[in-house]
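Undergrad: pasting the sequence and the predicted coordinates here, then a few questions.
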Amino acid sequence: MYRLKVTAAIALLVAALLGLTAVMYWASQRVDRDLRRSAFAHDQLEAYLRLSHEAYRHFKQQADMLLTGAVDGPRQLEASQARVDAIFQQLEADTKDEFLFLDDEEEQDEEWEERDRNAKIKAELAAIAAEFETVRTLIESGDEAAARARLHSLLDEQIDGRFADLIADAIADESEEMQRSDDDAHTLLSTMALAARVSAPVVVVLALLLGIMLIIRVTRPLERLLDGTQRLAAGELSHRIRGNGNDEFSQLGRSFNQMADQLESRTRELTQSHQDLEKRVRERTDELNAANQALERTARLRQQFLADISHELRTPLTVIRGEAEVSLRGDVKTAADYEQALARIARESEQLGRLVDDLLLVARSQVGEVRLSMTAVAMPQLIAEICEGAETLANQKGTLLTYENRCQSAVVTADRWRLHQLFHILIDNALRYSSDGGSVAIISDNHNESIRIRVIDCGIGIAPDELDGVFERFYRGRLAREMAPDGAGLGLPVAKAIVDAHRGSIRIDSERGKGSTVTIKLPAVRRARPAA
């Protein structure tokens with residue numbers, strides 16, 4: 001029942017729209033045809049006007065040449081005649097195009113009349129040209145009186161008479177045709193506008209009526225069903241659809257209610273057992289996830305640590321082994337040779353020990369197992385000692401190393417040796433990657449219950465795309481590798497590990513070619529408040 005009503009309403013609306021569309025399409029085609037015909041008439045009218053102008057100009061040149069005998073007359077006549085011929089050829093082509101465009105027999109008959117008129121104009125032009133030739137022959141034979149009489153008759157009767165009448169009729173016909181086509185187009189456009197103004201409200205009213213009918217008879221029952229399914233899907237198993245009729249929607253609502261009753265009863269039975277099972281599964285899953293994450297993190301750190309150690313220890317071990325093999329190979333060497341070899345082995349062993357210590361520090365920091373010997377450390381004295389030790393390297397590079405203390409509270413609880421290692425790394429990097437003759441400044445001050453230390457250099461800087469990787473083990477930027485190829489890439493990771501172990505923060509701000517600023521914040525020891 002509802003399906004039949006909806007189908008009939010939609011069919012009625014579609015029929016109305018199709019009818020209106022067909023009328024509008026037919027009217028637009030007619031308007032386009034009238035406008036094109038008006039354009040043809042306009043082109044032909046312009047051609048007749050130009051033909052009249054050029055023809056009279058040509059006639060005047062011929063008359064002046066016959067009367068005055070101008071030397072340049074023939075060349076001017078040829079050019080004038082060529083223009084007249086070109087205009088007439090264009091006129092004939094436009095007439096032919098218009099004839100092919102028209103499909104109405106009455107209009108085609110009018111075009112045949114235009115063709116006959118063009119033929120008469122062409123014949124009249126030929127007759128006038130022949131008459132001019134006759135006058136020229138009389139003048140050349142010496143009979144000037146007869147020539148003047150013949151010329152006078154030509155100008156009055158043929159040119160100003162028959163030819164002028166033909167041109168005037170053509171201009172009048174084309175003007176009338178252009179005006180008629182424009183009037184037809186304007187009339188049809190006005191009719192289309194009136195039809196649109198009348199039909200639009202009718203279609204709107206019809207659509208509104210159909211919409212209201214659909215809302216009342218179809219949409220509301222569908223909304224009740226949709227709301228019921230949504231509530232049921234959301235878990236409201238007690239929701240039921242109201243309806244006491246005998247139509248399709250009422251039957252569907254009763255079926256829906258029966259389904260909801262069965263679903264509610266079965267869901268109630270399963271809810272408790274599901275809750276218990278989900279609780280047990282969730283508890284076991286959380287335990288397994290925590291264990292898996294711990295195992296994965298431990299395995300990943302162990303694998304990375306072993307890879308780092310194997311990579312970095314290979315070079316010093318190779319050197320030590322090579323020194324030993326060279327010392328043992330060949331003839332017995334002098335004590336001095338053995339002493340030099342042992343000295344090189346000792347240096348490599350010392351470097352190897354520092355490398356192992358750094359790797360262990362970074363690895364332990366990642367699992368929170370850095371061992372610190374915490375004491376009260378005065379930061380200005382510590383930094384001053386490190387700067388004093390770095391003066392030699394600064395003097396070799398001609399770099400000005402300065403330290404400025406602005407702290408009011410400058411004591412931290414920290415591992416003094418680790419802090420000495422931290423600032424030695426930062427100051428050494430600043431001097432190493434600074435240009436000769438530059439400057440390195442260390443500034444300490446208080447900032448939000450912390451001691452802030454900034455190491456500022458004017459060196460090579462760090463590219464923006466490389467800043468994120470500077471705290472990764474063995475990572476070195478392109479500029480750093482070019483300037484100091486012997487680095488291991490552990491300095492900044494070790495520095496970050498030390499800062500993290502002291503619950504501080506480290507940040508690097510840098511601009512390529514202009515230098516870098518390393519900012520460290522460490523918790524300061526709070527001063528005891530004086531007694532009141």
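TA: Good, I have the coordinates.

Undergrad: tally of neighbours for residue 290?
TA: Other residues within reach of residue 290, judged by other C-beta atoms under 10 Å, total 10. For every residue, glycine as well, the C-beta is placed using N, CA and C.

Undergrad: that one: which element?
TA: helix 248-328 (DSSP states H and E).

Undergrad: cool, and residue 333?
TA: Assigned by DSSP H and E, residue 333 belongs to neither a helix nor a strand.

Undergrad: with adjacent residues omitted, what lies nearest to it?
TA: With sequence-adjacent residues excluded and distances taken as C-beta to C-beta, 6 or more residues apart in numbering, residue 333 is closest to residue 327, at 6.8 Å.

Undergrad: now that neighbour: how far from residue 349?
TA: 15 Å (C-beta to C-beta, to the nearest Å).

Undergrad: residue 422 too?
TA: Per C-beta to C-beta, residue 422 is found 24 Å from residue 349.

Undergrad: who's more crowded, these two?
TA: Per other C-beta under 10 Å, whichever of residue 422 and residue 349 has more neighbours is residue 422, with 28 against 15.

Undergrad: pretty sure the more buried one is touching residue 499, no?
TA: Yes: at 6.8 Å, residue 422 and residue 499 qualify as touching, with contact defined as C-beta atoms under 8 Å.

Undergrad: what kind of secondary structure is the residue nearest to the spatial centre of the chain in?
TA: Nearest residue to the geometric centre of the chain (C-alpha atoms, centre = their mean): residue 465, 23.4 Å. Here residue 465 is recorded as helix under DSSP: H, G, I helix; E, B strand; the rest coil.

Undergrad: run through the bridge partners of residue 413.
TA: Residue 413 forms beta bridges with residue 376, as assigned by DSSP bridges.

Undergrad: contact partners for it?
TA: By C-beta atoms under 8 Å, 6 or more residues apart in numbering, the contact list for residue 413 reads 374, 375, 376, 377, 523, 525.

Undergrad: any idea how far residue 412 is from the third one?
TA: Yep, that's residue 376 we're talking about. Applying C-beta to C-beta to residue 376 and residue 412 gives a distance of 8 Å.

Undergrad: hang on, residue 241 in a strand?
TA: No: the assignment for residue 241, made by three-state DSSP, is coil rather than a strand.

Undergrad: quickly note the distance from the closest residue to it other than its chain neighbours to residue 261.
TA: Distance criterion C-beta to C-beta, 6+ apart; nearest residue to residue 241, sequence neighbours excluded, is residue 253 at 4.0 Å. Note on residue 253: its distance to residue 261, by C-beta to C-beta, is 13 Å.

Undergrad: neighbour count: the two, which is higher?
TA: Ranked by neighbour count (other C-beta under 10 Å), residue 253 and residue 261 place residue 253 first, with 21 against 13.

Undergrad: I'd say the more buried one and residue 224 touch.
TA: Yes: taking C-beta under 8 Å as the definition, residue 253 is a contact partner of residue 224 at 7.1 Å.

Undergrad: low-confidence ranges, the stretch 251-400 of the chain, go.
TA: In the predicted model of the stretch 251-400 of the chain, residues 251, 294, 297-319, 323, 330-332, 347-348, 350-370 satisfy pLDDT under 70.

Undergrad: now do the domain split for this structure, please.
TA: What automatic domain parsing lists as the domains of the chain is 2-211, 248-369, 373-523.

Undergrad: looking at the ones you listed, which one is packed in the most?
TA: Comparing the domains of the chain by mean neighbour count (mean count of other C-beta atoms under 10 Å), domain 373-523 ranks first with a mean of 17.

Undergrad: any idea how far apart the tips of that one sit?
TA: Using C-alpha to C-alpha, to the nearest Å, the span of domain 373-523 from its first residue to its last is 16 Å.

Undergrad: and it, how far out from the chain middle?
TA: 42 Å (C-alpha atoms, centre = their mean, to the nearest Å).

Undergrad: what mean pLDDT does the helix or strand where residue 33 lies have?
TA: Assigned by DSSP H and E, residue 33 belongs to helix 2-68. Mean per-residue pLDDT for helix 2-68: 74.

Undergrad: try stretch 514-529
TA: For stretch 514-529, the mean pLDDT works out to 79.

Undergrad: what pLDDT does the residue nearest to residue 59 when sequence neighbours are not counted get?
TA: Closest residue to residue 59 apart from its sequence neighbours, by C-beta to C-beta, 6+ apart: residue 159 at 5.4 Å. We have a pLDDT of 81 for residue 159.

Undergrad: and the nearest residue to residue 451 once chain neighbours are set aside, how far is that from residue 464?
TA: Sequence neighbours aside, residue 524 is the residue nearest to residue 451 in space, at 4.8 Å (criterion: C-beta to C-beta, 6+ apart). Between residue 524 and residue 464 the computed distance is 32 Å (C-beta to C-beta).

Undergrad: can you check residue 183 too?
TA: In this view, residue 183 and residue 464 are 74 Å apart by C-beta to C-beta.

Undergrad: repeat for residue 240
TA: As judged by C-beta to C-beta, residue 240 and residue 464 stand 64 Å apart.
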